[in-house]
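Asker: Fold the following and give me the result.
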Amino acid sequence: MTIDEVKATLRAGIEAIERGRSTFEQAASDAAEAIARAHQLLHDSQDGEVQKVRKNLTEAEGEVRPTVGRFLAAENNATSYLADLG
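Answerer: Now for the predicted structure:
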């Protein structure tokens, strides 16, 4: 593989990361709305199963920011490597 081929592959990878991040962020936004509605509907429930569901929803929300961070880190690393190649 030539340097130009490596650069082209990196550029394609960076574009794929950007599209993936955008798709994930949209899905996360949609999920956040659904989770907020679920919390509103379930907030008074004392049922153990409902409380577990609410806990799981909250934990899922907590994974969004780290996942976006991983997309950004991958994009930054690939962009940096591409810059190093010239």
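
Asker: so what does whichever helix in the chain runs longest touch, helix or strand wise?
Answerer: Secondary structure of the chain per DSSP state H: the longest helix is helix 3-42. Where contact means 3 or more C-beta pairs under 8 Å, 6 or more residues apart in numbering; DSSP states H and E, helix 3-42 is packed against helix 48-62, helix 64-85. (Glycine included, C-beta is placed from N, CA and C.)

Asker: buried sites along it?
Answerer: Neighbour-count burial for helix 3-42 flags 10, 13-14, 17, 21, 28, 35 (criterion: 16 or more other C-beta atoms under 10 Å).

Asker: Now do that helix: distance to the chain's middle.
Answerer: 5 Å (C-alpha atoms, centre = their mean, to the nearest Å).

Asker: average pLDDT for it?
Answerer: Per-residue pLDDT over helix 3-42 has a mean of 93.

Asker: can you state the direction angle for it and helix 48-62?
Answerer: 150 degrees (axes from the mean of the first three to the mean of the last three C-alpha atoms, to 10 degrees).
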